[in-house]
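got a predicted structure plus its sequence, pasted below:
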Amino acid sequence: MPELPEVETMCRGIAAVAGRQVHTVRFPKSHLCDIEMRPAKPAFRRRVAGRSIIRVRRVAKRVILDLDSTDSVVFEPRMTGRVLLTEPPDRVHVRAVFEFADADHPPLVFWSMRGLSTLRLLTAAQLADTIGPNRLGPDALLVTTAHLHQRLRASRRAVKVALLDQKVVAGIGNIYASEILHRARVHPEIPCSRITPRSWQRVQAETVAVLEEAIRAKGSTLRDGNYRTAADEPGGFQDRHRVYGREDLKCLQCGRGTVRRIVQAQRSTYFCPVCQRKARGK
DNA sequence: CATATGTCCTGAGAGC
DNA sequence: TGCTCTCAGGACATAT
């Protein structure tokens, strides 16, 4: 599912659209529900057509195209969204097509199987309002140990659940939360208030390490195949998952424990009871 | 204020 | 074969 590494990979995969002028935006008809989109299609098209993209960047789990106006295009793939520079897998789930003034350049396609993805065109003020620091915690690649400790020292929530809270730290999703805590040897059910600074230090270090490694591998494509890069390739990090999706298999870290799956906040959590002992709590 | 739950959406796979 | 059911989980709205 597009979490930070997958969205970062999407951004890098479409970096070449920076500097290009958008000729027009098409919204193919479909029998499916529209994805959430603001403003409505005619206004969206009017404000984007003829504009140049001055920058491609990532904010948490969103892909941003800054235009040469004060507007920014914001793609939020959520579960099944793809940002593609290739032919999409089908016509039915194409949500928007950005065509460039240089007709030789492939169009940028926003494709999503489900209607959970969103597409927005926001002014600078709206952007700050929607995904600025008041709404999101620090980016996971930049988060500090002190931030985690101070922000969560009074929290009774389980650490796994807290890591998924984008207001605490932005960019971690369900797959990487399990991988991070496993490598940091912290049990996912431990209340944040009981985690020592020393353990927060390991969580911080493994957060950066896991996410950077996942970016190098171009993200994780699970068996559902939902995530693809902008060039329509699968990622490679799923082969390096140590716990996620490995229920009942041997722990790849200690070789002794058996990976367990539990459910926290309606989401699967995977961990090794040997590496991540609750009693130790560190 | 902090925390928990419900909701959206579609396709895959299971079970009958 | 074909139907119904459950599950997956991003982020937000609403409830406690």
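It's in.

distance check, A:A265 against A:R91.
Distance, A:A265 to A:R91, by C-beta to C-beta, to the nearest Å: 36 Å. No exception for glycine: its C-beta is placed from N, CA and C like everyone else's.

just the strands in the stretch 1-150 of chain A please.
Under the criterion DSSP state E, counting those that start in this stretch, the stretch 1-150 of chain A contains strands at A:22-26, A:36-38, A:53-59, A:62-67, A:71-76, A:81-84, A:94-100, A:108-112, A:118-123.

mean pLDDT for those: which is lowest?
For the strands of the stretch 1-150 of chain A, mean pLDDT drops lowest on strand A:36-38, to a mean of 88.

residues of that strand that come out buried?
A:M37 (16 or more other C-beta atoms under 10 Å).

kindly report the same for stretch A:245-259.
Buried residues in stretch A:245-259, counting neighbours by 16+ other C-beta under 10 Å, are found at A:G245, A:R246, A:C251, A:L252, A:Q253, A:G257, A:V259.

is DNA strand C contacted by the lowest-mean-pLDDT helix or strand in chain A?
Sorting the helices and strands of chain A by mean pLDDT, DSSP states H and E puts strand A:36-38 at the bottom, at a mean of 88. No. Counting by C-beta under 7 Å from any atom of the strand, DNA strand C is not contacted by strand A:36-38; separation bottoms out at 9.0 Å.

I'd assumed A:L211 was in contact with A:F237.
No. A:F237 is beyond contact range of A:L211, at 9.9 Å (criterion: C-beta atoms under 8 Å).

which neighbours do the two have in common?
A:P5 (C-beta atoms under 8 Å, 6 or more residues apart in numbering).

what's near enough to touch the nearest residue to A:Q166 once chain neighbours are set aside?
Spatial nearest neighbour of A:Q166, excluding adjacent residues (C-beta to C-beta, 6 or more residues apart in numbering): A:L136 at 5.5 Å. If you count contacts by C-beta under 8 Å, 6+ apart, A:L136 has them with A:V59, A:A60, A:Q166, A:K167, A:A170.

distance of A:S117 relative to A:N226?
Per C-beta to C-beta, A:S117 is found 11 Å from A:N226.

neighbour count winner among those two?
Neighbours per residue (other C-beta atoms under 10 Å) separate A:S117 from A:N226, with A:S117 holding more: 25 against 18.

look up how far A:D66 lies from that one.
Distance, A:S117 to A:D66, using C-beta to C-beta: 20 Å.

next one: A:T118
Separation of A:T118 from A:D66 (C-beta to C-beta) stands at 18 Å.

returning to that earlier point: which two of the contacts of A:L136 lie the greatest distance from each other?
Pairwise distances across the contacts of A:L136 (C-beta to C-beta) peak at 13.9 Å, for the pair A:V59 and A:K167.

pretty sure A:V168 sits against A:L152.
Yes. Between A:V168 and A:L152 there is a contact under C-beta under 8 Å: 6.7 Å.

tell me, how many residues neighbour the closest residue to A:M37 other than its chain neighbours?
Leaving aside its sequence neighbours, A:M37 sits nearest to A:L119 (C-beta to C-beta, 6+ apart; 4.7 Å). Neighbours of A:L119 under the rule other C-beta under 10 Å: 23.

can you check A:T123 too?
If we define neighbours as other C-beta under 10 Å, then A:T123 has 13 of them.

quickly note the distance from the residue nearest to it when sequence neighbours are not counted to A:R45.
Counting by C-beta to C-beta, 6+ apart, A:T123 lies nearest to A:T70, which is 5.5 Å off, once chain neighbours are set aside. Distance from A:T70 to A:R45, counting by C-beta to C-beta: 17 Å.

can you check A:H93 too?
For A:H93, the distance to A:R45 equals 20 Å [C-beta to C-beta].

which one of the two is surrounded by more residues?
A:H93 (22 against 17).

one step back: counting contacts, what elements does the least confident helix or strand of chain A pack onto?
Using 3 or more C-beta pairs under 8 Å, 6 or more residues apart in numbering; DSSP states H and E, the elements in contact with strand A:36-38 are strand A:118-123.
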